[in-house]
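K.L.:
A predicted structure for the sequence below; I have some questions about it.
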Amino acid sequence: MKVEQIYTGCLAQGAYFIQSEGEAVVIDPLRETKPYIQKAEKENVKIKYVLETHFHADFVSGHVDLANATGATIVFGPNATTSFKAHIAKDGEELKVGKITIKVLHTPGHTMESTSYLLLDENGKEYAIFSGDTLFIGDVGRPDLAVKSSLTIEDLAGTLYDSLRNKIMPLPGSVIVYPAHGAGSSCGKNMSKETFDTLGNQKKINYALRADMTKAEFITEVTSGLLPPPSYFPLNVKMNKEGYTNINEVIKKGTKGLDPEEFEAIANETGALKLDVRGQIEFSKSFITNSINIGIDGGFAPWVGTLIPDINQQILLITDEGREEESVIRLARVGYDNTIGYLKGGINAWKNAGKEVDQINSISVQTFVDTYRADKNINILDVRKKGEYEAEHIMDVTNLPLDTINEGMPLIDKNKTYYVHCAGGYRSMIYTSILKSRGYENLINVENGFKTIIAAAPEIKTSAFVCPSTLSN
């Protein structure tokens, strides 16, 4: 028996490849199927099952393509309804994979079809549980994503309480918990950076598994402090239920190389979004006018899903050389399948063709600190999340989080100059690029962000919550 966790940091997502005696099972695979197929070939095993813990909201799973490519059976738990061929397992059903057994445990609450898979080793010993979004390390799944007219968030939270206590907590403390997500995912609110743990330790440190917790207390704690889910979540659920375009077709369409003339003509003809996925520093120095920056080396896919509201939006890519296919795949992971090409030769080809470029006014932390010390009345925008801002922030700044950029934009005076910062420089460049593409010219990006600012000038930090009523000084 061999268990492998395949963790993808930008989505904070864990997929699993389990094998025994020439057979394998994949749990919650990502959209791209090639890595799983190559792994099966390398290990000389046949993928027998593709197990889904639930209909994922934060990414498009690869179950349909993987099953079509390998002949594996897609398995969902009770209550699941799909538009494609799948085995809807019963609670307690056992699936044989080589000499191991995988037992289906229906654990509704995060969603009503949510199911955990208990792995029994060759000797029938309870070895590990693949808990999906039912149980995380340090947290449990949010119960607000499957709310319907007949189900309230409190109903789902109560159901989750029962699932945890009746199905998971009675298991031996030695059982390893392998969740679908870790810290950084929007599917929970208090997830650990650790990607697995023993159930025994989770019973000690996970607030939601306290032995003395009543159902009412659980419901209150689990439902409090939840931020609104990203707008693309329902669209990903729909794709995971109904199927999607084959990933190879998406890649073929998206990796069509376009010279500058072709790129410009298609952009003008289609109105496609010009998405530059290079690092923020390189982007700031030179970029195609009206393109926006979401760097591929940050939290790329979730920010795409949050900031590009139309999942069918046509996209033209500007990338570093050799990262075109990677960019197309990572867009497809969250359902953005409509990339229609990339700029062949990148920004240098664009400039060599004499095409117009733009720049972001981006300054070092030291320059910002010197400016602030000389004039504490400068306008500063903190684009971190509300919780980050409330924990600590620079005195006399305004918090307009990146994830609510459309709501905050009308509050910004185009005639005033603003210094924009986030925690490390990634989000502030996204924010500045989007606003610049909409005609906001007086924005200055602060490189590196809050952590470096406070290290250079600790005296300008405050933890007092301030909510300015206006952006005017």
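P.N.:
Structure's in. What do you need?

K.L.:
break the protein into its domains for me.
P.N.:
What automatic domain parsing lists as the domains of the chain is 2-234, 245-358, 361-462.

K.L.:
how about those in a markdown table, adding mean pLDDT and mean neighbour count?
P.N.:
For the C-beta atoms, the positions are set from N, CA and C on the backbone; glycine is no exception. Below are the domains of the chain laid out as a markdown table (pLDDT from 0 to 100; neighbours: other Cβ atoms under 10 Å):
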| stretch | mean pLDDT | mean neighbour count |
| --- | --- | --- |
| domain 2-234 | 95 | 19 |
| domain 245-358 | 96 | 19 |
| domain 361-462 | 95 | 18 |
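
K.L.:
just checking, what packs against the helix or strand harbouring Ala157?
P.N.:
Per DSSP states H and E: Ala157 is located in helix 153-163. The contact analysis (3 or more Cβ pairs under 8 Å, 6 or more residues apart in numbering; DSSP states H and E) places helix 153-163 against helix 215-223.

K.L.:
what's next to the helix it packs on, contact-wise?
P.N.:
Applying Cβ atoms under 8 Å, 6 or more residues apart in numbering, the contact partners of helix 215-223 are 140, 142-144, 153-154, 157-158, 160-162, 207-208, 213.

K.L.:
what's the closest of the residues you listed to Glu4?
P.N.:
Using Cβ to Cβ, Val140 comes nearest to Glu4 of the contacts of helix 215-223, at 24.6 Å.

K.L.:
tell me where the stretch 51-200 of the chain has strands.
P.N.:
Along the stretch 51-200 of the chain, counting by DSSP state E, counting those that start in this stretch, strands occupy 73-76, 87-88, 94-97, 100-106, 115-120, 126-132, 176-179, 197-198.

K.L.:
any chance of those in TSV, plus distance to Leu307?
P.N.:
Listed next are those as TSV, based on distance: least, Cβ to Cβ, whole Å:
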stretch	distance to Leu307
strand 73-76	31
strand 87-88	36
strand 94-97	40
strand 100-106	36
strand 115-120	32
strand 126-132	27
strand 176-179	26
strand 197-198	33
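
K.L.:
in contact with the closest residue in space to Glu326 that isn't next to it in sequence, which residues?
P.N.:
Leaving aside its chain neighbours, Glu326 sits nearest to Ile296 (6.9 Å; criterion: Cβ to Cβ, 6 or more residues apart in numbering). By Cβ under 8 Å, 6+ apart, the contact list for Ile296 reads 277-278, 319, 323, 326-327, 330.

K.L.:
can you say which two of those are spatially most distant?
P.N.:
It's Arg278 and Arg330 that sit farthest apart of these, by Cβ to Cβ, at 13.8 Å.

K.L.:
return the residues in contact with Thr159.
P.N.:
Applying Cβ under 8 Å, 6+ apart, we find Thr159 in contact with 108-109, 112, 143.

K.L.:
nope, Tyr16 is what I meant
P.N.:
Each residue near Tyr16 by Cβ under 8 Å, 6+ apart is listed here: 3-6, 25-28, 130, 178.

K.L.:
mind running it again at 6 Å?
P.N.:
Residues near Tyr16 by Cβ atoms under 6 Å, 6 or more residues apart in numbering: 5, 27, 130.

K.L.:
ok, which stretches of the stretch 251-400 of the chain are strands?
P.N.:
Assigned by DSSP E, counting those that start in this stretch, the stretch 251-400 of the chain shows strands spanning 257-258, 273-276, 287-288, 292-293, 315-318, 339-343, 357-358, 361-363, 379-382, 393-394, 398-399.

K.L.:
returning to what we had before: could I get the contacts of Tyr16 as a markdown table with distance to Asp91?
P.N.:
Conversion of these to a markdown table gives the following (distance: Cβ to Cβ, whole Å):
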| residue | distance to Asp91 |
| --- | --- |
| Gln5 | 25 |
| Ile27 | 17 |
| Phe130 | 15 |
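
K.L.:
of those residues, which is the nearest to Gly335?
P.N.:
Ile27 (20.4 Å).

K.L.:
ok, now how distant is the closest residue to Glu32 other than its chain neighbours from Asp396?
P.N.:
Distances taken as Cβ to Cβ, 6+ apart put Ile329 closest to Glu32, at 5.1 Å, once the chain neighbours are dropped. With the distance defined as Cβ to Cβ, to the nearest Å, Ile329 ends up 43 Å from Asp396.

K.L.:
and the helices in the stretch 151-300 of the chain?
P.N.:
Applying DSSP state H, counting those that start in this stretch to the stretch 151-300 of the chain gives helices spanning 153-163, 199-205, 215-223, 233-242, 247-254, 260-270, 280-285, 300-307.

K.L.:
figure out which of those helices is closest to Tyr431.
P.N.:
Nearest to Tyr431 among those is helix 300-307 (9.5 Å), distances taken as Cβ to Cβ.

K.L.:
ranges for the helices of the stretch 1-150 of the chain?
P.N.:
Using DSSP H, counting those that start in this stretch, the helices assigned to the stretch 1-150 of the chain run over residues 34-43, 63-70.

K.L.:
closest one to Gly354 among those?
P.N.:
Per Cβ to Cβ, nearest to Gly354 of the helices of the stretch 1-150 of the chain: helix 34-43, 38.9 Å.

K.L.:
need the contact partners of the closest one.
P.N.:
17, 19, 24, 26, 29, 47, 66.

K.L.:
right, and Gly138 touches Lys189 too?
P.N.:
No. With contact defined as Cβ atoms under 6 Å, Gly138 does not count as touching Lys189 (9.9 Å).

K.L.:
and after the helix or strand hosting Ile405, which helix or strand comes next?
P.N.:
Element membership for Ile405 (DSSP H and E) is helix 405-408. Once the chain leaves helix 405-408, the next helix or strand it forms, by DSSP H and E, is strand 418-421.

K.L.:
any idea of the angle the very next helix or strand once past that following strand forms with helix 300-307?
P.N.:
Scanning forward in sequence from strand 418-421 by DSSP H and E, the next helix or strand is helix 426-437. Here helix 426-437 runs at an angle of 40 degrees relative to helix 300-307 (axes from the mean of the first three to the mean of the last three Cα atoms, to 10 degrees).

K.L.:
now helix 426-437 - C-alpha only, PDB.
P.N.:
What follows is helix 426-437, C-alpha atoms only, in PDB (Å, rounded to 0.1, in the frame of the first residue of the first chain):
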ATOM      1  CA  TYR A 426       1.300  41.000  -4.900                       C
ATOM      2  CA  ARG A 427      -2.200  42.200  -4.300                       C
ATOM      3  CA  SER A 428      -1.300  45.900  -4.500                       C
ATOM      4  CA  MET A 429       0.000  45.500  -8.000                       C
ATOM      5  CA  ILE A 430      -3.200  43.700  -9.000                       C
ATOM      6  CA  TYR A 431      -5.300  46.500  -7.500                       C
ATOM      7  CA  THR A 432      -3.200  49.200  -9.100                       C
ATOM      8  CA  SER A 433      -3.200  47.600 -12.500                       C
ATOM      9  CA  ILE A 434      -7.000  47.100 -12.500                       C
ATOM     10  CA  LEU A 435      -7.600  50.700 -11.500                       C
ATOM     11  CA  LYS A 436      -5.100  52.000 -14.000                       C
ATOM     12  CA  SER A 437      -6.900  50.100 -16.800                       C
END
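
K.L.:
packing partners of it?
P.N.:
Applying 3 or more Cβ pairs under 6 Å, 6 or more residues apart in numbering; DSSP states H and E, one finds that helix 426-437 makes contact with strand 292-293, strand 418-421, strand 443-446.
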